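# sequence first, then the predicted structure, then my questions.
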Amino acid sequence: MKNQIIAIPLEGGILCSHFGHCEHFAILEIKDGAIISEKLVTPPAHEPGLYPAWIAEMGVTDVIAGGMGQKAIELFNQQKINAFVGAPSKPAKQLVSDFIANKLNLTANYCNHDENGTCTH
């Protein structure tokens with residue numbers, strides 16, 4: 001079975017509620033139900049539609065996020081990346097541990113952008 005690689009947007013060390021405005025991404029690799037590696041990467045400047053392709057280049061299979069627009073979810077799906085939206089604000093390792101244990105509580109937290117690109121949760 002192929003290893004899972006999970007990307008999580010972070011702000012101040014915990015899940016960033018707005019996907020496109022994070023400081024870093026935690027990239028965690030999972031093998032046989034355990035975290036085998038973890039690294040932080042700094043994203044490029046935010047441009048609509050850029051992050052899904054950029055994250056796909058790292059072999060990411062899944063994204064765990066707080067708020068994310070439907071268009072972003074579709075772009076991740078086009079890259080064959082699963083998007084899990086509505087995760088609680090926790091550190092990346094805790095989110096992935098919950099995810100592995102099937103205990104990650106997700107809520108519908110879609111981010112809708114108005115004509116100015118402002119997020120209206």
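Perfect, thanks for sending it. Nothing here was measured: the structure is a model prediction, and the numbers come from that model. Numbering: from 1, shown residues only.
# pLDDT value on residue 119, please?
Note for residue 119: predicted pLDDT of 42.
# just residue 91 next, same as before
On the pLDDT scale, residue 91 gets 97.
# what's the neighbour count on it?
Residue 91 has 14 neighbouring residues, counting by other C-beta atoms under 10 Å. No exception for glycine: its C-beta is placed from N, CA and C like everyone else's.
# distance-wise, check it relative to residue 48.
For residue 91, the distance to residue 48 equals 28 Å [C-beta to C-beta, to the nearest Å].
# which residue ranges form the strands in this protein?
4-11, 14-15, 24-31, 34-41, 62-65, 82-85, 112-113, 119-120 (DSSP state E).
# list the buried ones in the third one?
Of the residues in strand 24-31, those scored as buried under the neighbour-count criterion (16 or more other C-beta atoms under 10 Å) are 24-30.
# follow-up on the earlier one: to residue 100, which of the strands of the chain lies closest?
Among those, strand 24-31 comes nearest to residue 100, with 6.4 Å by C-beta to C-beta.
# tell me the angle the closest one makes with strand 34-41.
160 degrees (axes from the mean of the first three to the mean of the last three C-alpha atoms, to 10 degrees).
# run the chain-centre distance for strand 24-31.
How far strand 24-31 lies from its chain's middle: 10 Å, per C-alpha atoms, centre = their mean, to the nearest Å.
# rewinding a little: need the strands of the chain in TSV (columns: distance to residue 73).
Putting the strands of the chain into TSV (distance: least, C-beta to C-beta, whole Å) gives the following:
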stretch	distance to residue 73
strand 4-11	14
strand 14-15	16
strand 24-31	17
strand 34-41	21
strand 62-65	9
strand 82-85	5
strand 112-113	12
strand 119-120	14
